[in-house]
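Visitor: for reference, the sequence and a predicted model appear below.
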Amino acid sequence: MDKSLKIKMYRDMVRIRLFEDKVNELVRKGELYGFYHLCTGQEAVAVGVCSALNKDDYITSTHRGHGHVIAKGLELKRMVAELMGKVEGYNKAKGGSMHLASPEYGILGANGIVGAGIPIATGAALSSKLLKNNRVAVSFFGDGASNQGTFHEAINLASAFNLPCIYVCENNLYGVGTKQSKVRKIENIADRAAAYGIPGVVVDGNDVEAVYSCAKEAVERARRGEGPTLIECKTYRWGAHHNAENDTYRPPEEVEAWKKKCPIKRFAQVLLNEGILDTKGLNDIEAEAKRELEEAVEYARKCSSPSLESALEDVYSN
Amino acid sequence: MSRITYAKAVANALAEEMRRDKNVILMGLDIGPYGGAFGATKGLYEEFGGERVLDMPISEAGYVGAAVGAAATGMRPVVELQFSDWVTIATDQICNQAANMHYMFGGIVKVPMVVRLPEGAYLQAAAQHSHMWESWFAFVPGLKVVIPSTPRDLKGLLKSSIRDDNPVLFFEHKKLYDEIGEVPDDPDFLIPIGKADIKRTGKDITIVTYSYMVKKALEAAEILEKEGIDVEVVDLRTIKPMDIDTIIASVKKTGKVLCFQETWLTCSVMSEVAAVIAEHAAEYLDTPIRRLGAKEAPIPFSPELENYVLPQVEDVVKTVKEMLK
């Protein structure tokens, strides 16, 4: 893996971390509306996977999608604008956090329905196969979603048709307030891959290089026409299910233990050990990301509110 | 012009659109070599092959969802739900995904997808193979709902639906598959979505209806003609967007309207038609609007029970006479 890629991956994880922290801050200040499902702690999954993708490869994301879309290439400015309900936002203020989308970056939407993006990504992979355009599709979903019927149906379809779709499960142990081990017998979701005759891999979701290697191999398989892969990333969210939730269902010791496995701190140490960046280099990256984010917030604050009439536009495509 | 069945009109429309645009693909159960449960896709696998006529595993949420994803990325899928009753399994992908995507993504993604749904009763197929769900989908902004009653209307409307850039639910009636009608051969013969059709002009009373009930309304009109009653039959053809102008013009002309459908009345298509008439044409009504449909029960199996629950030609005749008393 080349040096500049490692630096980019580190930078993107930092950008995501700062973005999510900023969302919390803006909500507290009353500048943002609605509910935010923050991915703090899970940055390495989004960055590791998206680093293995081209701009025109497809992804579907989840309600916890800010990390995925930042890693895929969305500009922070227009993301903040969307979250602030401004017309310059990616969705013209019609979607908000849970529906960020951009065909230019292959993003077929963050999705508020658990498991719904899995067949949609599968359909994008079907398109790629029929159009022979060499693109792959990645479906991001959580451990809770792996129990949804659509998980089974989509992967069965992709395996039967040998579609270039990579299924990435972010296993953070909880579905809202339910510890998933109480509602799912098997420990490793990747074991389900055997049921479809496809490879299933478990990876440390907080090790961005491991996620990247795993994703790269799956992407190359898919592009060679060898079909889908199921990747299970073991990770953990630092925050509650959403920003307004009182997280009393996770033991504080468990949360603390996972914070010690912070993907950003771990990779910073790797970069230092390998002499790729020194402490100043790491700090510069953080400072630059902070600047980018401040500019994005300032930009968004100056953006325009949508006209009321626009609420009735784009119901249909002409 | 050809005289072909409603089922053949489906196959011809699909073939023409698939020849015209190589991104049109078909997805569904048994639609390939089997030719579809009602023979509607017969011959298409042989002409277009397995890459464009895709037999799916039994997983409606999965393959309708895949159709959504394919439509959002350059394909124009036409998905067949083998029986309309089972669309419920895929309702999230249709209503929360397809219907919303163009809007909630700010107009940057479109979902040019058609879902074909064989529906309806009078076949002793019982409660899970006989129901009609169009009123649910007509409710949803972002969807279009089309329901042809003749082979000609079907061909023109199916082609228009495939060329439309929005998700279209295209309901076909199972009892109509063997109906023969005159159909233009012109591969650019289109009928616009959103236009009703006067299937019979008359001056005494309007019957607004759609799908298989058009046939029953026309039979009732023949009977009533012998008694000196002149019935106008308006075939909606499209439920959403509904052609309100044609309905209102007919009501203005006759002053009396029977809103007639096959299925249950509560929150139904004809409830909507009645409301629209009451809002726009109340001053033209000589008598209150009436609705006629199925009795409130799931469709039962036995022919006697099924025919009792469902409206018959005699019910139309009786209701019209009551309205004209």
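Guide: Arrived safely.

Visitor: leaving out chain neighbours, which residue sits closest to the spatially most central residue of chain B?
Guide: Centroid check for chain B by Cα atoms, centre = their mean gives residue B:147 as the closest residue, at 1.7 Å. If the residues on either side of it in the chain are set aside, residue B:147 comes closest to residue B:171, at 4.5 Å by Cβ to Cβ, 6 or more residues apart in numbering or on different chains. Bear in mind the C-beta positions are built from the backbone N, C-alpha and C, glycine included.

Visitor: please apply the same query to residue A:184.
Guide: Among residues not flanking residue A:184 along the chain, residue A:147 sits closest, at 6.1 Å (Cβ to Cβ, 6+ apart).

Visitor: how many neighbours does residue B:295 have?
Guide: The number of residues packed around residue B:295, counting by other Cβ atoms under 10 Å in any protein chain shown, is 10.

Visitor: residue B:271 touches residue B:264, doesn't it?
Guide: No. Between residue B:271 and residue B:264 no contact is recorded; they are 9.9 Å apart, counting by Cβ atoms under 8 Å.

Visitor: who's more crowded, the two?
Guide: For residue B:271 versus residue B:264, neighbours defined as other Cβ under 10 Å are more numerous around residue B:264 (20 against 17).

Visitor: can you tell me how far that one is from chain A?
Guide: Distance, residue B:264 to chain A, by Cβ to the nearest Cβ, to the nearest Å: 27 Å.

Visitor: would you mind naming what in the stretch 101-250 of chain A lies close to chain B?
Guide: In this structure, the stretch 101-250 of chain A approaches chain B at residues A:101-103, A:108-109, A:111-113, A:116, A:118-128, A:130-131, A:137, A:149-150, A:152-154, A:156-157, A:160-161, judged by Cβ under 8 Å from any Cβ of the partner chain.

Visitor: can you rerun that using 7 Å?
Guide: Counting by Cβ under 7 Å from any Cβ of the partner chain, the positions of the stretch 101-250 of chain A adjacent to chain B are A:101, A:103, A:108-109, A:113, A:116, A:119-124, A:126-127, A:130-131, A:149-150, A:153-154, A:156-157, A:160.

Visitor: select only the buried ones of those in ChimeraX?
Guide: Only the buried members of these end up in this ChimeraX selection, burial being decided by 16 or more other Cβ atoms under 10 Å in any protein chain shown:
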select /A:101,103,108,109,113,116,119,120,121,122,123,124,126,127,130,150,153,154,156,157
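
Visitor: how many neighbours does the residue nearest to residue A:240 when sequence neighbours are not counted have?
Guide: Setting aside the residues directly before and after it, residue A:240 is nearest to residue A:247 in space (Cβ to Cβ, 6+ apart), at 3.7 Å. Other residues within reach of residue A:247 by the criterion other Cβ under 10 Å amount to 15.

Visitor: tell me the spacing between residue A:247 and residue A:261.
Guide: The gap separating residue A:247 from residue A:261 is 18 Å, by Cβ to Cβ, to the nearest Å.

Visitor: where's the residue nearest to residue A:240 relative to chain B, distance?
Guide: Residue A:247 sits 27 Å away from chain B, going by Cβ to the nearest Cβ.

Visitor: got the confidence number for the residue of the stretch 151-300 of chain A at minimum distance from chain B?
Guide: Proximity of the stretch 151-300 of chain A to chain B (Cβ to the nearest Cβ) peaks at residue A:153, 2.7 Å away. Here, the pLDDT recorded for residue A:153 equals 98.

Visitor: which SSE is it in?
Guide: In this structure, residue A:153 sits in helix A:149-161 according to DSSP states H and E.
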